[in-house]
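Q: using only what follows, build the 3D model:
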Amino acid sequence: MASLPTIPDSYNHVLAEFECLDPLLSALRLDSSRLKCTCIAVSKRWLALGSSGGGLNLIQKDGWKQRLFLTHKEGAISRVACCLHDEDYVAVATSQGLVVVWELNQERRGKPERIYVSSEHKGRKVTALCWDTAALRVFVGDHVGKVSAIKINTSKQGKAAATFVMFPVQIITTVDSRVVQLDYLDGRLLISSLTRTYLCDTERQVTFYLEKFWKIGNKERDGEFGACFFPVGKNSGNQQPLIYCARPGSRMWEVNFDGEVQSTHQFKQLLSSPPLPVVTLRLDPHYSSSSCSPQSLSFPKLLYLTEHCVMTWTEKGIYIFLPQSVEVLLWSEVKDIQDIAVYKSELFCLHTNGKVVHLSLLLVDRCIERLIRRGFWTLAARVCCLFQNSIISCRARKNLPLDKLEHLKSQLDASTQQDLITQLEELISKLEPLDSACSSRRSSISSHESFSVLDSGIYRVICRRGSQSDEDSCSLHSQTFSEDERIKEFPAHQEDEQVELDNVSHASVTVEADRNETFLPFSIPLSFRSPSPLVSLQAVKESVSSFVRKTTEKIGTLHISPDTRGRQEAKHDEQLQELTVNLVESPQEEKKLDPQSCQLAEEDHLRDLKAATAEAITKLQDPLVLLEPQCMRRVLQEWLIYLEEKFGSKEHSASSVKKSKTVCTEEERSVLEENLQLDPADGGLAGKEQSSVLEDCTEKENTDETCVSKTMCENSADLKGPLDCGFQVSPPCVIEPAVQKDLIELTTLCFELRVFSCGNSEAEESSDGNLPVAASWALACRFMQRYFFLLDLKRVKQCIITMYATSPNVWETYIAGLKELTSHSPVTLAMENEDMLKILKQLHDLGPWDDSPLLLVHAQRLYEKFGETALRPLIKFHPSILPSDIKQLCRNDPAHFLAYLDSLVKSKPEDKRSSLLRSLLQPESVRLDWLCLAVSCDAPQRANTVDVEGNPRPRSHLFTWGYSQLILLLIKLPADFVTKEKMADICKSHGFWPGYLFLCLELDRRIEAFTNIAHLDDLSLLNGEDGSIPETMEEWKFLLHLAQNHSTASHHGPQNGNAVSNGSPSCPDCVTVENVALLLAKTIGPNRALPLLQECGLTLELSERFTAVCEILRIAEKRQRALIQSMLERCDRFLWSQQA
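A: A predicted model of the protein is given here:
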């Protein structure tokens, strides 16, 4: 890449696009050929987008969520304007010329309503809308020059005023041509037409409601030229606002508040400078230093932007001026702009194709700082190189210090971005003090490293991650300084946050870069740093041979957390404290080391593991091996030998493999004895397992074994004692990405197939299930601790949930590893002092999380600190956090999980709850578990719902169940016959009768359903909506006999809910013979009901009320037949008349 041309230091502002709004438009379906965005407006809270279909989308800028959608049948939306002083109001102009004013009612949480519809401009094209800055008044201009004012009467002033007082539309004036732009400030309205600009004093009224007008200037113009007010600053005293009017030839009039032209500003020659690039992720920024010809432009609109700036645009680009000083702040090429809406320093550009682009006007250093925070390293570096003249200035150096630039350089890839790194190093060198000693020694330091000189004369060297010097940094200079000084350079929080993200990426977990706008401070002192800043290079040279390998593994990577780094440096800390520095000998000593020795040592170190990994992958691709789990385990056992040799704990090094076989077997016996004692519930079976395993150990002691068997013994020996050793959350050395990907795949496969050791015997026992359960759990925990950095955390989590559901230790170990991985993240640090709402907002700002396990560990910390109250807000992180995850978090208190599940389901619309719940039932077996949990928590006592005979108590279905909606959703979901029967048994045993009746009808157990309805003594349960009403004469007979045999005693006594005593005339919903007979007569008609009642011998039990109701039913049926006959005759006559 050629050297980037630099931008002059006079330009210190830039337009930047930090977020793309294309997904938002796609979600709103405004990116299709049929429907597109037609107009745009913005306020502090809202982004308003009008569409060609007549809809207005109001999107909340905080989070870009669509909050409101307002429909208009009067045509497409042509103009929209938000009221800036009261954001509860928005004005809309349609293609038919109607102006609609909406009150959003956000404060009262009501529905938006139209409070005014003006037809003053109907049939014309509304070209401009503008709100009063103090009152609720909208100014409207159209294409014939007519300007009107709509005064709004709001419901906030009282219902009576809003209903009976409707102000008429006030005609302000009619100018000589189309209205191009309207602007309002401090009682004065600015009207810009195709020919000239007018100023109207709306507060100074005279007779006949006419306002005072001024024509600004004497010279007319022809075309679209804008005008705007220019408010004065807060420190300007009594100075009045100014007005700027666009003129032909890139000129502007500066006008006072009384409409008098003060001066004419010419920008034609100033616009001969080359355009500044727009900082965006879509394209790399480019700048051409060659000047262009002067631009003679017409500015169609002028918009006030932040302090002292006026913005406009043409078909060529965006232009921002400082009109008071007659300067061009910047201009950038942005094509095909239809309209722009501004709020403070934000620009929302609507293009002719309907797309919307969000730009921000920022200082260059602020832009770079924000790019660094968001992790856009390459783009930040390019902007640094382009604007290096501005960065060198005092202000930029204050906001963008050397530390941040060095950190930025360390994030670039040396293999593909070397030219960019070189230019960034040149920029950094210009920021350093011009010290002669510094200059003389700069050439002796590798160009792959950045450095600075401390007051003591020590070089602070920062090696760039992934650079060539990382692999070649076995020099004495790197050994003595880079470790200590790099730790000083990067703070613990920032470094470990990067460790967290980088290591999870090794495990196929995607997490976006930190979007938090607060950048972490640099140079935080660390307690474990060496207190002595003076190191003797000669002494280091003598000890290099003992820890060259340690240097190779550590130099050039920032993946190692401070805690891990501290443990690895503990053994050498005493030596380093006693050494002194000799800077003069440094260049000479560096020459004595082969620059490629570390790289060769690294390749030799992993050569066997790479070969074994390639061989294992080749074998696993064989279908005969892939379809046979035992064969897969054997392949993984053979490969695990090499993994343990390279990345196992110190007990698994080559030296420890040479331990005696007797010691190995004794340790293995003791471990297995200890593990077998962990599960006393197994009884005699555990004893048999113990004896058989110990016999295997004795046989191994008496046979010749290879190094593989010895290694297996030592693996088992590591299980002794509690699992309190640290996790290996980051690679101990640099691993190539392709190799690391294969290692992650095989290591995760080992965990899923329970291949936790390279020993044949142990692995086979584990796979066959003969190894004690407690020992298998312990092996899984230790495996995770050793190879956490090589595990696909998403797959491991799923494996634990499905295969280790009964082992809390395995889950706790997994969570402990995630906690260590995120121990220094901003969320973890905020967990100590911040309240729950701030932490949840921080988690939301760090998203989207997708299905990252890192979010899970933050949820675990929230639950541990705040309890159940922290679970309900977590529903907004679904599906990043699943109910199965929450169930694991609160496995000790299932009621908390149920509250979360109920809140999650209720957070969705009613028509989508069933589909959501069905998607969560993975695997299907959890349905019964969740149902048992739901009918057990927050439920009435069983004695109140079920009698001693197991039948329902009267009216017991009216009891309140805390999770009744969730239960009904679960039982109504599709399922097989056996599952439905099990659910029916669960509902019956716990006395949840609404669900039991539903399942009985679904399982076609109608007789059982009618029996329970009779016991519940509630005739309202017999309705046609759910099919519970009898369908045949036999069912009616059975129900009548149930009502006849129903004990009168059950109609009295304790009742539930709103029940009253059964059997009395005042209780029409009890299951009595007369009530059932009336239901029969209403269903099949009185003429068919009487013979059935006589057949059952129940006519004597019926009262006069039944006879009267039957007579009424007969009359109603007769009238109904007559009405139908009359309607048929009329239809017949009408059809014959049409035929004639």
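Q: how does the chain divide into domains?
A: 32-155+165-174, 908-1016, 1022-1048+1068-1139 (the TED database).
Q: which elements pack onto the host helix or strand of residue 429?
A: For residue 429, the host element (DSSP states H and E) is helix 418-431. Using 3 or more C-beta pairs under 8 Å, 6 or more residues apart in numbering; DSSP states H and E, the elements in contact with helix 418-431 are helix 377-386, helix 388-391, helix 402-410. Where you see a C-beta, it was placed from the backbone N, CA and C, and this is true even at glycine.
Q: got the buried residues for stretch 936-949?
A: 937, 939-940, 945-946 (16 or more other C-beta atoms under 10 Å).
Q: so the nearest residue to residue 272 once chain neighbours are set aside, which state does it fall into?
A: Distances taken as C-beta to C-beta, 6 or more residues apart in numbering place residue 294 nearest to residue 272, at 4.6 Å, with adjacent residues excluded. Using DSSP: H, G, I helix; E, B strand; the rest coil, the secondary structure recorded for residue 294 is coil.
Q: quick check, residue 294 in contact with residue 267.
A: No: with contacts counted by C-beta atoms under 8 Å, residue 294 stays clear of residue 267, the gap being 9.3 Å.
Q: any residues in contact with both of these two?
A: residue 250 (C-beta atoms under 8 Å, 6 or more residues apart in numbering).
Q: what helices or strands is the helix or strand hosting residue 198 leaning on?
A: Element membership for residue 198, per DSSP H and E: strand 197-205. Where contact means 3+ C-beta pairs under 8 Å, 6+ apart, strand 197-205 is packed against strand 170-174, strand 188-193, strand 211-216, strand 242-247.
Q: which of the ones you listed has the lowest average pLDDT?
A: Ranked by mean pLDDT, these end with strand 211-216 at the bottom, a mean of 78.
Q: for that strand, what is the distance to the chain centroid?
A: 54 Å (C-alpha atoms, centre = their mean, to the nearest Å).
Q: and the angle from that strand to strand 170-174?
A: Counting by axes from the mean of the first three to the mean of the last three C-alpha atoms, to 10 degrees, strand 211-216 lies at 30 degrees to strand 170-174.
Q: for the residue sitting nearest the centre point of the chain, helix, strand, or coil?
A: With distances taken as C-alpha atoms, centre = their mean, residue 848 lies nearest the centre of the chain, 2.9 Å away. Following three-state DSSP, we place residue 848 in the coil state.
Q: quick check: buried residues in the helix holding residue 429?
A: Neighbour counts over helix 418-431 (16+ other C-beta under 10 Å) mark 418, 420-421, 423-425, 427-428, 431 as buried.
Q: returning to that earlier point: return the strand holding residue 198 as PDB; C-alpha atoms alone will do.
A: Coordinates of each C-alpha in strand 197-205 appear next as PDB, following Å, rounded to 0.1, in the frame of the first residue of the first chain:
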ATOM      1  CA  THR A 197     -36.400  35.700   1.000                       C
ATOM      2  CA  TYR A 198     -39.100  37.200   3.300                       C
ATOM      3  CA  LEU A 199     -39.100  37.900   7.000                       C
ATOM      4  CA  CYS A 200     -42.400  38.000   8.900                       C
ATOM      5  CA  ASP A 201     -42.900  39.200  12.500                       C
ATOM      6  CA  THR A 202     -45.700  36.900  13.700                       C
ATOM      7  CA  GLU A 203     -45.900  38.600  17.100                       C
ATOM      8  CA  ARG A 204     -46.500  42.100  15.800                       C
ATOM      9  CA  GLN A 205     -50.000  41.900  14.600                       C
END
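Q: partner strands of that strand and their direction?
A: The pairing partners recorded for strand 197-205 under DSSP bridges are strand 188-193 (antiparallel), strand 211-216 (antiparallel).
Q: for the spatially closest residue to residue 253 that is not a sequence neighbour, give me its contacts.
A: In space, and not counting its chain neighbours, residue 253 is closest to residue 245: 4.4 Å by C-beta to C-beta, 6+ apart. Neighbouring residues of residue 245 by C-beta under 8 Å, 6+ apart: 192, 197, 216-217, 225-227, 252-253, 255, 302.
Q: separate out the buried members of those.
A: The buried subset of those (16+ other C-beta under 10 Å) comprises 192, 197, 216-217, 225-227, 252-253, 255, 302.
Q: as JSON lines, those residues with distance to residue 926 would be great.
A: Formatted as JSON lines, those follow (distance: C-beta to C-beta, whole Å):
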{"residue": "192", "distance to residue 926": "67"}
{"residue": "197", "distance to residue 926": "71"}
{"residue": "216", "distance to residue 926": "74"}
{"residue": "217", "distance to residue 926": "77"}
{"residue": "225", "distance to residue 926": "68"}
{"residue": "226", "distance to residue 926": "63"}
{"residue": "227", "distance to residue 926": "67"}
{"residue": "252", "distance to residue 926": "70"}
{"residue": "253", "distance to residue 926": "74"}
{"residue": "255", "distance to residue 926": "73"}
{"residue": "302", "distance to residue 926": "63"}
